[in-house]
Structure formats: C-alpha cells, structure tokens
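[1] Below are the sequence and a predicted model for it; my questions follow.
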2 protein chains.
Amino acid sequence: MRIGEVARRSGVSVRALRYYEEQGLLTPDRGPGGQREYAEGAVDRVRVFQQLYAAGLSSSRIAELIPCIDTDTTTAHQRAMLAAERARVRERIDQLTATLARLDDLIEAADNRRA
Amino acid sequence: MRIGEVARRSGVSVRALRYYEEQGLLTPDRGPGGQREYAEGAVDRVRVFQQLYAAGLSSSRIAELIPCIDTDTTTAHQRAMLAAERARVRERIDQLTATLARLDDLIEAADNRRA
DNA sequence: CTTGAACCTGACGTCAGCGGTAGGTTTTAG
DNA sequence: CTAAAACCTACCGCTGACGTCAGGTTCAAG
C-alpha cells in the first residue's frame, strides 16, 4: 500500500504520514523506486496515533509506547509509562469535567439574565 | 495589587499576565509610575482563564466570553458560543474517555505479557 | 540617597504538528 | 510512448501561548 492510500484510509494527510516517519512512529519499506510501501496494519496504527495525539501525548511519548503495542515483551519502564500516561489522561478528564461544570454555571447564569 | 503578586497568587508567570492583557483578557489600572494595578478579583479571573485555556479555548474565544462572566446582560451570540464551547468540551471528554479505555487495554495486555 | 528588587516596553526565540511550495522522479492509464 | 497522477526530498512558514533577553524606569528599604 502506498502513502496516498494510507492517508485516505486513515484520514490523515500525506504530509502527516511522512512526519510520523520522521518521528520514528512508522518505518515503511521502500519499493524499488524509493517509494514508501506500507503494511496492512499501518492504517490501524495511524488511527491509534491520532487517538494518542488527541489525548495530548507527544510524538516521543508515542514512540516510546510503540513496543507496548507490537512486541511480545514489555519492560518495567514501559509499563510505568503507560500507567503514568493513563493517570495524565484521567486527570485531564477530571479537569475538563470541572470546566464543563463551570461552563454550565455560566450558561445557567446567562439564561437567567436573559429572562 | 501589582503584577508580581497576581502572578504568585494565581500561579502563572508575569509574562503570561502581560500576554493576557495584550489579548484583551485583563485591563488593569495603571499607577502613577505606569505600573499595572490589579483589582482583587484578578486572581480568580486568571484561574478561570487557565481553566478555559486548559479546555482548549483560544484567547479570542475567552475574550468573547468575558461579558458573560462579568456583565449583567448576554447576547444571543454569546449564549450560542457558550453552548458551542460546552459541546466541544463534552466531545473532548468523550474522546479522552475512549482513549483511556484504549490505554487500559494496552496496560492489561502489557501486564499479561509480563506474567 | 543609593541600591537592588520589581516593574516597564519592545522584540525575537521556541516548540509541535503539521501545511505548502519547489523542483525533480516514478508509476499508471491510455 | 506520453501525459498526468502520485510520489520523492528538502526546506520554509504558520499558529498560539508564552520564554527570554535587552535596555531603561520605578519602588521600597536602609
């Protein structure tokens, strides 16, 4: 599969895919003409990357997590990182939930003043 | 209250406070020597700003919301914006919750492989 | 009255995750 | 065989929320 198809199927830009490679997240093979050749699983992996990016993880963090995704062994360090990132996401959710409540207050107050 | 104290009490940098002013979020008075003089409520307002920034709102969005915070009337436009931002935060929470589940999967898998 | 902390105004630097462009090569369709 | 679509590398640009000087002013303490 070439880069354009991966882009279409995963919903990210070609540029983004090359960027991911630059960051060490993807290392596709190269065809005889030098073009990138992606394995089937690439599309799913890109989707995972997008999800982790959306969760606020940096490229380097995601790179560190890759062995947890596709190897058979995990080191203590990797497990600790997973736990740490989980905690971060958890905190973020809690914080956003608080913000949501704050916005609800503002909305309620605004509605009252309209009446 | 001068800028340094506001910074300490609100937990942001002096630079950030000047930036907020640049963005129209804060408009402190000026003392005779040209120094910024903040009212008591400034600290709380800065905390609200931080919360909204953390929720992914931009400076200009926050600036638009300010009238909802401290005036007595709100326009339909402002109420619509509040609702839209609320929806955005809600979506973000849902997405993060999905990511959390994903991380939990990874963690469980990692733990199994360790055993 | 001096000195050092805190303040002021520019203005440039940073970082991340790409977007966009230039200039050239490879692949595919007809 | 040709033309266009898709690909390549290399590089500069962008945005947002500040960090970080530089060079000068003001304030509080002794």
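    Received the coordinates, thanks.

[2] From here on, just use CA atoms for contacts and neighbour counts.
    Noted.

[3] Would you mind naming what in chain A lies close to DNA strand D?
    Where proximity means Cα under 7 Å from any atom of the strand, the interface of chain A facing DNA strand D comprises A:2-5, A:14, A:34-36.

[4] In strands only, show me these.
    Mapping the residues of chain A next to DNA strand D onto strands (DSSP state E) picks out residue A:36.

[5] Among the residues of chain A next to DNA strand D, which are located in helices?
    A:3-5, A:14 (DSSP state H).

[6] By neighbour count, which of these wins?
    Within these, neighbour counts (other Cα atoms under 10 Å in any protein chain shown) peak at residue A:3, which reaches 18 neighbours.

[7] What separation is there between it and chain B?
    26 Å (Cα to the nearest Cα, to the nearest Å).

[8] who touches that residue in this structure?
    By Cα atoms under 8 Å, 6 or more residues apart in numbering or on different chains, the residues touching residue A:3 are A:14, A:17, A:36-38.

[9] Could you break chain A into its assigned domains?
    According to automatic domain parsing, chain A comprises the domains A:1-71, A:74-115.

[10] any residue of the last one up close to DNA strand C?
    If I follow you right, that is domain A:74-115. No: applying Cα under 7 Å from any atom of the strand, one finds domain A:74-115 separated from DNA strand C by no less than 13.8 Å.

[11] Check what pLDDT the residue nearest to residue A:1 when sequence neighbours are not counted gets.
    Distances taken as Cα to Cα, 6 or more residues apart in numbering or on different chains place residue A:38 nearest to residue A:1, at 5.1 Å, with adjacent residues excluded. Note on residue A:38: pLDDT of 97.

[12] how long is stretch A:50-62 end to end?
    End-to-end distance of stretch A:50-62 (Cα to Cα, to the nearest Å): 10 Å.

[13] what's in contact with that stretch?
    By Cα under 8 Å, 6+ apart, the surrounding residues in contact with stretch A:50-62 are A:20, A:23, A:25, A:49, A:85, A:89, B:96, B:99.
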